[in-house]
Structures are given as structure tokens and as C-alpha cells.
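> Here is a sequence with its predicted model. Questions after.
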Protein chains: 2
Amino acid sequence: MDEQRALAGFAALSQETRLRIVRLLVKAGPEGMAAGAIGEALGGASTSRLSFHLTHLEQAGLIRSRREGRFIIYSAVFPTLAGLIAFLMRDCCDGHPEICAPVAAALSCSCEPGKDALHG
Amino acid sequence: MDEQRALAGFAALSQETRLRIVRLLVKAGPEGMAAGAIGEALGGASTSRLSFHLTHLEQAGLIRSRREGRFIIYSAVFPTLAGLIAFLMRDCCDGHPEICAPVAAALSCSCEPGKDALHG
DNA sequence: GCTATATATCAACATATCTTGAGAGGTTGA
DNA sequence: TCAACCTCTCAAGATATGTTGATATATAGC
């Protein structure tokens, strides 16, 4: 994850429609969702508007697409999301571990059953 | 961290000058840096341009300022950065722990001596 | 109070981004 | 092949964002 790629990622996430699409697709998992289903879930965006944002997200590497019959299915690209997160944390971890530690602690999320630091 | 605050955070980080300022201030730690020093480190941005971006970052809650004599010292707000990271991770952790796990593993950063998953 | 220093603010312009509406490209099943 | 469906592309206009140069505000030392 270099600076340019991080910039593209943050820019992609800085727009309401796109941020909602990403969160929707993260929840949807690897199976993904068809463009039309995404549009419905968003409350009915025009197809051109939706396509504009989907293309933007795909170019930023946050989502990818595959065709299935008439449908085009979009899904989240988790490594890119992880890369953005890592990019944000790199510097503080390098230079100031004592600062980074509480951040890292807050991130011990509910992936492990019984822990719920993020959602409480 | 609600959606609006996350959007503001990502928008703030989606601009080259601002991203560099944030990374600079993260490295600088709690002591922070004077506006002029930041400008120099960036290779000489005009004062109005610098001020524009510093104000933008401060309104997004990513940095804060304090006056010391003639200088205005800016420093990173680590909880906001952590909040952005948490916001990105929340959904996958909730719905798909098996997907989130590798992401979380990649984040076991060098805060603990001996581990260097992020920087290798 | 005056001057130098450090930074913020304002207005104007340039550029980038988003939305809309019309139309085109593939895909399916009859 | 035809009609229905799903999605993309293009052009135009609206809005938001970033840059520049000039000016204003605040502090420090003489």
C-alpha cells in the first residue's frame, strides 16, 4: 500500500454513497451483491449514479466485479481494506509504540468469541 | 464514530498534503509541531494553503491545535484515527469473523517487540 | 508604541467531483 | 430474432474543493 493507493482508497471512502456500498459489501461477504440489489439497498439510486460510484470503488481496489448471467456481482476486497488500516497505523507503531498500544487494544475486536471491545 | 464523522475523516485523509500532515504529526507524537515547521517539512507550502488544510484536518477531528507564544502547535488526535480504523472493521467482525481474522492478524503490529507483521 | 514574526482569513479563480437524463451493450428466454 | 432485462457509458450542468495573492490578527521583544 503506497501513498497514491492509500489516497485513492480514502477518497473512495469519503463519499456517503460509496461508504455505504463498501459497508454493505463487507457485510455481504465474498458472495457479494448484484448492482441492482445494491441500488435497492441504498434506497434507489439511479443506475448511472450507482455505476459511477461502483466504478470509482473498483478503480480504488476496494471492490471487484464478476458477471453472472445478466447480473454483475460486486464484492469487497478485504486485503485493500486491511492495507488502508495498516497504512494508518504504520507510523505510530514505528515511532511511538506507547501511543499505538491503546489503539491496537481498541482493535481487539469480536473476531474472537467473548471479546467485544469495538461494539460495546 | 458515526457515519458523518467517518466521512469527514476519510475526506480529510484523501488529499495528498493533508495525508502527509497527518503522518508527520503521528510521527511527531503528543508534542506536535508548529505550523511553520510542518510547512517546511512539506517542502514549503504557502501559509494560506497550509492553514486551509490544517483547518480542514482540525474540523475533521484528526488534529488539534494549541498556542505557544507566537507559534501554533498542531498534534495528532489518536482516538479519532483509531475510531476510523474501528469503523472500517466493525462490520466484517460482526458478520464474518472468518473474513476479519486475517485482517486482524495483519494488524498485530510491532507495538509488541519481536512482532513486525506490518513492516516486513 | 513600533517592528518583526507567526499564522489565519478573505476573495477570486481553477479544477475536480457528483448528479441527471438519454442512449448503448450484453444476456436471457420465448 | 425479438422483447425484456440488467448494467454501463456519455455529455451537460451543478456543486464542492484546492490554490493563489493580498490582507488581517495575534504575540514577542525593543
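Looks like it came in fine.
> For burial, what's the neighbour tally of A:Ile63?
Residues within reach of A:Ile63, counting by other CB atoms under 10 Å in any protein chain shown, total 26. Bear in mind the C-beta positions are built from the backbone N, C-alpha and C, glycine included.
> Give me the neighbour count for the residue lying closest to it once chain neighbours are set aside.
In space, A:Ile63 comes closest to A:Leu57 once its chain neighbours are excluded; the distance is 4.6 Å by CB to CB, 6 or more residues apart in numbering or on different chains. A:Leu57 has 28 neighbours, counted by other CB under 10 Å.
> and A:Leu57, helix, strand or coil?
Following DSSP: H, G, I helix; E, B strand; the rest coil, A:Leu57 is assigned to helix.
> Double-check it against A:Arg18; I have them as touching.
Yes: the pair A:Leu57 / A:Arg18 is scored as a contact, 5.6 Å apart, by CB atoms under 8 Å.
> Show me what residue of chain A gets nearest to DNA strand D.
Nearest to DNA strand D, among the residues of chain A, is A:Gly36, at 2.3 Å (CB to the nearest atom of the strand).
> Just the element for that residue, please.
In the assignment (DSSP states H and E), A:Gly36 maps to helix A:35-41.
> And the contacts of that helix?
Residues outside helix A:35-41 that contact it (CB atoms under 8 Å, 6 or more residues apart in numbering or on different chains) are A:21, A:24-25, A:33, A:45, A:47, A:50-51, A:54, A:71-72, A:74.
> So which other helices or strands are in contact with the top helix by length along chain A?
In chain A, with assignment by DSSP state H, the single longest helix is helix A:78-95. Helices and strands touching helix A:78-95, by 3 or more CB pairs under 8 Å, 6 or more residues apart in numbering or on different chains; DSSP states H and E, are helix A:3-13, helix A:16-28, helix A:97-106, helix B:16-28, helix B:78-95, helix B:97-106.
> mean confidence for that helix?
In this model, helix A:78-95 has a mean pLDDT of 77.
> Would you mind giving the orientation angle of that helix with respect to helix A:3-13?
With axes from the mean of the first three to the mean of the last three CA atoms, to 10 degrees applied, the angle from helix A:78-95 to helix A:3-13 works out at 120 degrees.
> just the angle between helix A:78-95 and helix A:16-28, please?
Helix A:78-95 and helix A:16-28 are oriented at 100 degrees to each other (the same axes, to 10 degrees).
> Secondary structure element holding the closest residue to DNA strand C within chain A?
Proximity of chain A to DNA strand C (CB to the nearest atom of the strand) peaks at A:Ser48, 3.0 Å away. A:Ser48 is part of helix A:47-59 when elements are defined by DSSP H and E.
> Quick one: residues in contact with that helix.
With contact meaning CB under 8 Å, 6+ apart, helix A:47-59 is reached by A:8, A:12, A:15, A:17-18, A:21-22, A:35, A:38-39, A:42, A:45, A:63-65, A:74.
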